[in-house]
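Novice: here's a sequence, model it:
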Amino acid sequence: MGLQLILLIIFIILSAIFLYVAYVQYNKVKTLTDAYVELANDIDDERSSMYTLLSDIANQHVRMYARIKNVDKGGSFESDDEIGFVFTVIKNTVKSLTVALSKLAKDLDLEIENKGVSDELIREAEDIDG
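Specialist: Numbering: from 1, shown residues only. Okay, the predicted model is just below:
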């Protein structure tokens, strides 16, 4: 009877230690899971705001290029003087940026307001490149 009592006490002590260790590990896992979920939500928020910013920039460039193209409908700025040269440089720079942003927006599946202008610019760039 004495040996059984000692074994029972050892079993109870080991069980208590096991339960304590399991409880501590459970709390650690819960804390890490909560931190992971919070971090994942923060990353999603950052990604969402980044996509919104990129979409806004792409839309602004498409509108800007459409306005520049509209200003020069008659080709009055395409003359050989200094103003025509500067206008052409600005127009080509805006066009290049608009194409790059439109391609990026298309790859990321972002919403573009004036999709026709954006797609037209991408096609022109692909025709020139390839």
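Novice: for burial, what's the neighbour tally of residue 123?
Specialist: 11 (other C-beta atoms under 10 Å). Bear in mind the C-beta positions are built from the backbone N, C-alpha and C, glycine included.
Novice: got the contact list for it?
Specialist: Listed by C-beta atoms under 8 Å, 6 or more residues apart in numbering, residue 123 has no contact partners.
Novice: for residue 103, see how far away it is.
Specialist: Here the criterion is C-beta to C-beta, to the nearest Å. By it, residue 123 lies 11 Å from residue 103.
Novice: show me what whichever strand or helix holds residue 10 is packed up against.
Specialist: Using DSSP states H and E, the element containing residue 10 is helix 2-71. Under the contact criterion of 3 or more C-beta pairs under 8 Å, 6 or more residues apart in numbering; DSSP states H and E, helix 2-71 touches helix 82-107, helix 115-129.
Novice: mean neighbour count, these: which tops it?
Specialist: Most buried of the helices and strands packed on helix 2-71 by mean neighbour count (mean count of other C-beta atoms under 10 Å) is helix 82-107; its value is a mean of 15.
Novice: what packs against that helix?
Specialist: helix 2-71, helix 115-129.
Novice: let me have those helices in a markdown table, extended by mean pLDDT.
Specialist: Listed next are the helices and strands packed on helix 82-107 as a markdown table, based on pLDDT from 0 to 100:
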| stretch | mean pLDDT |
| --- | --- |
| helix 2-71 | 88 |
| helix 115-129 | 65 |
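Novice: using CSV, lay out those together with distance to residue 90.
Specialist: Formatted as CSV, those follow (distance: least, C-beta to C-beta, whole Å):
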stretch, distance to residue 90
helix 2-71, 7
helix 115-129, 16
